[in-house]
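Visitor: I would like the atomic coordinates for the input below:
(2 chains)
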Amino acid sequence: MKRHALFAVVLALSLLAGACSSSGSDGIVVDDPWGRASPMAANNGVFYMTIEGSNVDDRLVAAYASVCGATELHQTIMTDGVMRMQHAETGIEIPAGGEAVLAPGGYHVMCINKDVEFKTGDIIPVTLTFEKAEMQTVDAEIREG
Amino acid sequence: MTRTLKIVLGALAGVVVIGAVAYFFVLPQFVPYVFHGQTIQSNQAAPSVELDGPNGSTVRLTDYEGQVVVLYFGYTFCPDVCPITLSKLDRAMDILGDKAEDVQVIMVSVDPLRDTPEVLEQYMAHFNPDFIGVTGDADAVDRIATVYGVYYEAAEGSEATGYLVNHTATVMIVDKDGYLKLVLPFEGTAEEMAADLGYFLR
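Guide: Residues are numbered from 1 along each chain as shown, chains lettered A, B, ... in the order given. You can find the predicted model right below:
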């Protein structure tokens, strides 16, 4: 009985999640896309977000923003206090039913040679390309942080 | 209630109050401060290496005697770790309030090829108008990095990035006499940084 109740809750939540999805049938949901405020003197900018997986394993393989000269997926790796940025050339894994977290100090979208200042409150559209799911564009809000 | 019981309870209450006062107000004065990073007993004072600072100025770390210096090695091309750290340091300055006047935050560029003094000036001002960025020729930056045990090395990037610089991402606190005293991890919070800085400013 309890198991059924739990199943019902999970089902209801998944339906709800599906309903909130900006991508519709693909089932990939991008939560809280944002970028860090960054002056013109900084050549590069950065975007972060949480990507909720669909019912199949997928990968974020590319990102595009018109204000960036080039865009790459990177991972910050900290080893014994030494910071290294690694180009995630094969993309970022989005496990089925799981999530890919792009957050400060970890995976991020690196915006190279940006041609504008990233000012707090600005909205920058970022187009995400997945291995399987349809491409989608999200609005990244610029914040301090 | 008997008279004896009242006396016993009264005495107990007295013991509790005295105990609480001792625990919260007296004892802490005898407990050593616990830092949020690695303490260093450096026997090497700040080097007098000349670096290029804002507005064509020459900056030597020996210029900051009497001030607590927060030293960070980073570069403006770095979109993630360096801005995170500089934002945290700005919040730490907010927490310190007026006491922040005796703190100088300095970022030494580990990318002297791309970071000119002008770029550094605009970049640092974005985080805090009092922060300064310094650069210099490879030899000068090497000498500073060696004194503070900082590793940095350019690594091949893509066509778009050219190269990236791997570097020690810790935050270093140099006391008013120019000695490295504390190394804070990247993961440290603004509150922890402010608390530790407060210790050196006391």
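
Visitor: low-confidence regions, chain A specifically.
Guide: A:1-26 (pLDDT under 70).

Visitor: quick check: residues of it near chain B?
Guide: A:36-46, A:69-70, A:72, A:74, A:76, A:78, A:81-85, A:87, A:104-105, A:108, A:110-113, A:144-145 (Cβ under 8 Å from any Cβ of the partner chain). Every residue, glycine included, has its C-beta placed from N, CA and C.

Visitor: one more time with 7 Å, if that's ok
Guide: Residues of chain A found near chain B, taking Cβ under 7 Å from any Cβ of the partner chain as the criterion, are A:36, A:38-39, A:41-46, A:69-70, A:72, A:76, A:78, A:81-85, A:87, A:104-105, A:108, A:110, A:112, A:144-145.

Visitor: among those, which are in helices?
Guide: Using DSSP state H, no member of these sits in helices.

Visitor: residues near the closest residue to residue A:53 other than its chain neighbours, how many?
Guide: Closest residue to residue A:53 apart from its sequence neighbours, by Cβ to Cβ, 6 or more residues apart in numbering or on different chains: residue A:94 at 4.5 Å. Counted by other Cβ atoms under 10 Å in any protein chain shown, the residues lying close to residue A:94 total 23.

Visitor: contact partners for residue A:94?
Guide: A:28, A:51, A:53, A:58-60, A:100 (Cβ atoms under 7 Å, 6 or more residues apart in numbering or on different chains).

Visitor: can you give me the helices for chain B?
Guide: Using DSSP H, helices in chain B cover B:3-21, B:81-96, B:117-127, B:138-147, B:190-201.

Visitor: nearest to residue B:65, out of those?
Guide: helix B:190-201 (13.5 Å; Cβ to Cβ).

Visitor: most neighbours of all the contacts of residue A:94, which one?
Guide: residue A:51 (27 neighbours).

Visitor: residues touching the residue nearest to it when sequence neighbours are not counted, list them.
Guide: Spatially, and ignoring its direct neighbours in sequence, residue A:51 is nearest to residue A:100 (4.4 Å; Cβ to Cβ, 6+ apart). Shown in contact with residue A:100 (Cβ under 7 Å, 6+ apart): A:51, A:60, A:92-94, A:107.

Visitor: most widely separated two among those?
Guide: Longest span within those, Cβ to Cβ: A:94 and A:107, 10.8 Å.

Visitor: just to revisit the earlier point, can I get the helices of chain B in TSV including mean pLDDT, distance to chain A and mean neighbour count?
Guide: Shown next, in TSV, are the helices of chain B (pLDDT from 0 to 100; distance: least, Cβ to the nearest Cβ, whole Å; neighbours: other Cβ atoms under 10 Å in any protein chain shown):
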stretch	mean pLDDT	distance to chain A	mean neighbour count
helix B:3-21	88	40	10
helix B:81-96	97	5	21
helix B:117-127	97	3	20
helix B:138-147	92	12	16
helix B:190-201	97	11	19
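
Visitor: take those helices and lay them out in CSV including distance to residue B:36.
Guide: Shown next, in CSV, are those (distance: least, Cβ to Cβ, whole Å):
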stretch, distance to residue B:36
helix B:3-21, 27
helix B:81-96, 11
helix B:117-127, 21
helix B:138-147, 23
helix B:190-201, 4
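
Visitor: select, out of those helices, the one closest to residue B:32.
Guide: Here helix B:190-201 is closest among the helices of chain B (Cβ to Cβ), at 10.3 Å.
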